[in-house]
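Q: sequence unavailable; structure follows:
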Ligand code: ACO
């Protein structure tokens, strides 16, 4: 896959510092060995050093070259606690509470980034999405002008579809029930991600069970309004909706159901109406359609922090380290 090759080459070039809070998790350790061998990034593993080395030895992986930091004893704890208290002043966070939170690698990692000691974070092999994201939302926050973090997947499908066989799905990971403004923002930020990472010319389909007014329902209105708001946010963006999945992807159906659309029949970005349909949708395509799914790539955060599915494989982790490193390079240089 050309795209992944390019992502790996960029990662090798920039050598970003990626922190992995699940430092003694076996798939993470196996991925660490591969990332270091392929020189995709500098890695920081969080946890008790003895436990990490023991876990690595047990599965026979070499993690020499990784930096290991114990959040419970690290000399930066004081500085990080001060930062936390400053950032959460309005929430009344005390220094004692901050120091307690820093024992948790999922809090320690975003603070490393905030303090300039790491460039990106990847976690989620053994932690639920919410537990990975909450500290990131609280301490890293969103990019200026963005209010919503969302998660996109690159889906490697049949080459007849999308951008040479790549479709981008969103939001498959974060917002359970986005309103129309949030959906518009998801559409605009996903188009930016697709452009930056895949180099595609975005054509965004706002999905529904109706195409161009074939059904009347408040859920349909929501996608129509989201499309309108997205156009206001980015007048250059090729976006259309509401439309059904077949109208978005199949040229003959697109021509029939939405003859005037520049997106219908050749969409390369699919924005789903909510997290239920998006998360189920990407897993259907991945598991039944045998598509490789790379992501979720979190977008809209002020620094690159990505979340893995707990069902992830070692190669998923390696791919996501490379993607996180690419995001760090684009954000910080
Ligand atoms: N973007 C930016 N900030 C956000 C977002 C968002 N999408 N959602 C919440 N926040 C912020 C809030 O503003 C708040 O900030 P504050 O403390 O400074 O005021 C903070 O995060 C916590 O907000 P809550 O509303 O309390 O959020 P909560 O922790 O209840 O939920 C969460 C956030 C965990 C992300 C929730 O939306 C969630 O669980 N989403 C589903 C995740 C999931 O399970 N995905 C599917 C699996 S992923 C996969 O399969 C690949």
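A: Cool, got the structure. Everything quoted here is computed from the prediction, not taken from an experiment. Numbers count the residues shown, from 1 in each chain.

Q: which residues in the stretch 101-250 of the chain form helices?
A: 105-114, 129-139, 180-193, 218-233, 245-249 (DSSP state H, counting those that start in this stretch).

Q: count of residues packed around the residue nearest to residue 153 when sequence neighbours are not counted?
A: The shortest distance from residue 153 to any non-neighbouring residue, by CB to CB, 6 or more residues apart in numbering, is to residue 295 (3.6 Å). C-beta coordinates here come from the backbone N, C-alpha and C atoms, glycine included. Residue 295 has 26 neighbouring residues, counting by other CB atoms under 10 Å.

Q: quick one: pLDDT of residue 295?
A: We note a pLDDT of 88 for residue 295 in this prediction.

Q: my read is it is in a helix, agree?
A: No. Residue 295: not assigned to a helix; according to DSSP: H, G, I helix; E, B strand; the rest coil it is strand.

Q: next up, the contacts around it.
A: Contacts for residue 295 were tallied using CB atoms under 8 Å, 6 or more residues apart in numbering; they are 151, 152, 153, 154, 172, 173, 282, 320, 323.

Q: my guess is the fifth one contacts residue 276, does it?
A: Read that as residue 172. No. Between residue 172 and residue 276 there is no contact under CB atoms under 8 Å: 10.4 Å.

Q: do you know how far residue 177 is from residue 209?
A: From residue 177 across to residue 209, the span is 17 Å (CB to CB, to the nearest Å).

Q: doesn't residue 115 make contact with residue 83?
A: Yes. With contacts counted by CB under 8 Å, residue 83 reaches residue 115, the gap being 6.2 Å.

Q: looking at those two now, which is surrounded by more residues?
A: residue 83 (16 against 13).

Q: phi, psi of that one?
A: phi -60, psi -40 (degrees, to the nearest 10).

Q: could you report the separation of residue 172 from residue 235?
A: Counting by CB to CB, the gap from residue 172 to residue 235 is 27 Å.

Q: more neighbours: those two, which one.
A: residue 172 (26 against 7).

Q: show me the contacts for that one.
A: 151, 152, 153, 272, 275, 278, 279, 281, 282, 295, 296 are the contacts of residue 172 under CB under 8 Å, 6+ apart.

Q: same thing but 10 Å
A: Neighbouring residues of residue 172 by CB atoms under 10 Å, 6 or more residues apart in numbering: 150-153, 155, 270, 272, 275, 277-283, 293, 295-297, 309.

Q: neighbours around the residue of the stretch 201-333 of the chain found nearest the ligand, how many?
A: Residue of the stretch 201-333 of the chain nearest the ligand, by CB to the nearest ligand atom: residue 309 (4.2 Å). For residue 309, the neighbour count with other CB under 10 Å is 20.
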